[in-house]
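Asks: Requesting a structural model of the entry that follows:
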Amino acid sequence: MNAVSARRLAARFQRRWLVVAATLLVGASSTMAALDLAALWDFADPAASERRFVAAMGGASADERLILQTQIARTHGLRGDFARARELLAAIGPVLPAASPEVRVRHALELGRTHASAAHRPEQLTAADRETAREHFTRAAGLAAQARLDGLAIDALHMMVFVETDPARQLEWNRRALAVLERSDQPEARRWEGALRHNLGYALVLQEDHEAAIEQFRLARAAHERAGRTRNVRIADWMVAWTRRLQKRYDEALALQLELERAWERDGQSDPAVWRELEAIYRALGDEARARDYAARQARPAPGGR
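Replies: Just a heads-up that it's a prediction; the model follows:
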């Protein structure tokens, strides 16, 4: 895998995974159990999420209102309106010194996301954007570590993949985030395991350490299976199959992708990513007829597709 291919794959898979991971990892506030952010978030519909956050302001404490404001800012960032997100976060600035550690962590974290995140196109990110994001994420991680907000510390560390362009540095940040998880007993931290192991596996693929990557994808699968996340179990299986194709172990890759195709079909759904892999595998095996068939499936709408 050359450097250009690695960067293209990194952009595609980080975006695909982090949108999925976000729905799993917001979690309830570490210090304010009454404020359940996960119940208010719908990452597929940021505008609807914003309306729920605004409605939740009514019965919230002062600190909870500030947390909700950080999440409202995030809804604007997810819609690409980073300027509006920064305006909302700037309005919180004057009261930050008296706010709880969680508010200060979330404020820094969301400021960082306005400069570098899955919502940014790679060509949007300048060196200055990356450096500003790095400063905010580093501050968020430090504040979270001091306050023992392990889930938020992991969130800040895992965002560094959008700051770093070097796969080796991305791998280092993934390992730092995983180290926080492994020494934490907090549920908000433990729910990150599947996502972190996925990210670590992907970084290892970019380093062409395929067997170590597969080990992490399988650990990610186990974490998702324990949590009952069927969709994410299948994503982990897909990653194993994809890695096997990169190793040119086509028979293993084919068997895994065909089983995934059958699993989605049993649910009355489909996954175009599985079809893309099946096209590539059959082409590598010299079966052009089947490769063309899967290429054609991708070109037409699929009922129940995800």
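Asks: now Asp237: how far from Arg231?
Replies: As judged by C-beta to C-beta, to the nearest Å, Asp237 and Arg231 stand 11 Å apart. (Glycine included, C-beta is placed from N, CA and C.)
Asks: Next: Thr114.
Replies: In this view, Thr114 and Arg231 are 28 Å apart by C-beta to C-beta.
Asks: and those two? which has more neighbours close in?
Replies: Thr114 (25 against 15; other C-beta atoms under 10 Å).
Asks: ok, the more buried one to Glu50 distance?
Replies: For Thr114 relative to Glu50 (C-beta to C-beta), the value is 15 Å.
Asks: excluding its backbone neighbours, what's nearest Val161?
Replies: Gln170 (4.9 Å; C-beta to C-beta, 6 or more residues apart in numbering).
Asks: Tell me if I'm right that the one you found and Val205 touch.
Replies: No: counting by C-beta atoms under 8 Å, Gln170 does not reach Val205; the two are 11.1 Å apart.
Asks: The stretch 151-300 of the chain: helices as residue ranges?
Replies: Secondary structure of the stretch 151-300 of the chain (DSSP state H, counting those that start in this stretch): helices at 167-182, 187-190, 193-206, 210-227, 230-246, 250-266, 272-284, 288-299.
Asks: Quickly compare those helices and say which is most buried.
Replies: Mean neighbours per residue, mean count of other C-beta atoms under 10 Å, is largest over the helices of the stretch 151-300 of the chain for helix 193-206, with a mean of 25.
Asks: Show me the shaky parts of this structure.
Replies: 1-34, 301-306 (pLDDT under 70).
Asks: same thing but at 80, please
Replies: Applying pLDDT under 80 to the chain flags the ranges 1-34, 300-306.
Asks: ok, the residue nearest to Trp173 when sequence neighbours are not counted - contacts?
Replies: Spatial nearest neighbour of Trp173, chain neighbours left out: Met160 (3.9 Å); criterion: C-beta to C-beta, 6+ apart. Shown in contact with Met160 (C-beta atoms under 8 Å, 6 or more residues apart in numbering): Arg134, Phe137, Arg169, Gln170, Trp173.
Asks: Reformat those as CSV; add distance to Tyr282.
Replies: Shown next, in CSV, are these (distance: C-beta to C-beta, whole Å):
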residue, distance to Tyr282
Arg134, 43
Phe137, 42
Arg169, 36
Gln170, 31
Trp173, 36
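Asks: got the contact list for His76?
Replies: Counting by C-beta under 8 Å, 6+ apart, His76 touches Pro46, Glu50, Phe82, Arg84, Ala85, Leu88.
Asks: Tell me, how many residues neighbour the third one?
Replies: Applying the criterion other C-beta under 10 Å, we find 19 residues in the vicinity of Phe82.
Asks: Ok, the second one next?
Replies: For Glu50, the number of neighbouring residues by other C-beta under 10 Å comes to 20.
Asks: That one: which element?
Replies: Element membership of Glu50 [criterion: DSSP states H and E] is helix 46-56.
Asks: What is the distance between that helix and the centre of its chain?
Replies: Helix 46-56 sits 21 Å away from the centroid of its parent chain (C-alpha atoms, centre = their mean, to the nearest Å).
Asks: could you point out which element follows that helix?
Replies: Criterion used, DSSP H and E; the element after helix 46-56 is helix 62-78.
Asks: If we go by neighbour counts, what in that following helix is buried?
Replies: Neighbour-count burial for helix 62-78, with 16 or more other C-beta atoms under 10 Å as criterion, is recorded at 63-78.
Asks: What does Gln269 show for phi and psi?
Replies: The phi/psi pair for Gln269 (degrees, to the nearest 10) reads phi -130, psi -180.
Asks: Of the helices of the stretch 151-300 of the chain, which is nearest Leu143?
Replies: Closest approach to Leu143 among those is made by helix 167-182 (13.5 Å; C-beta to C-beta).
Asks: Arg283 and Arg245, how far apart?
Replies: Arg283 is 11 Å from Arg245, by C-beta to C-beta.
Asks: same deal with Arg79?
Replies: 35 Å.
Asks: cool, and Gly228?
Replies: In this view, Gly228 and Arg245 are 28 Å apart by C-beta to C-beta.
Asks: try Val233
Replies: For Val233, the distance to Arg245 - C-beta to C-beta - is 19 Å.
Asks: what about the closest residue to Phe162 other than its chain neighbours, is that helix, strand or coil?
Replies: Excluding the flanking residues, the one nearest Phe162 by C-beta to C-beta, 6+ apart is Ala116, at 4.1 Å. Following DSSP: H, G, I helix; E, B strand; the rest coil, the label given to Ala116 is coil.
Asks: Isn't Ala116 up against Val161?
Replies: No: at 9.3 Å, Ala116 does not count as touching Val161 under the criterion of C-beta under 8 Å.
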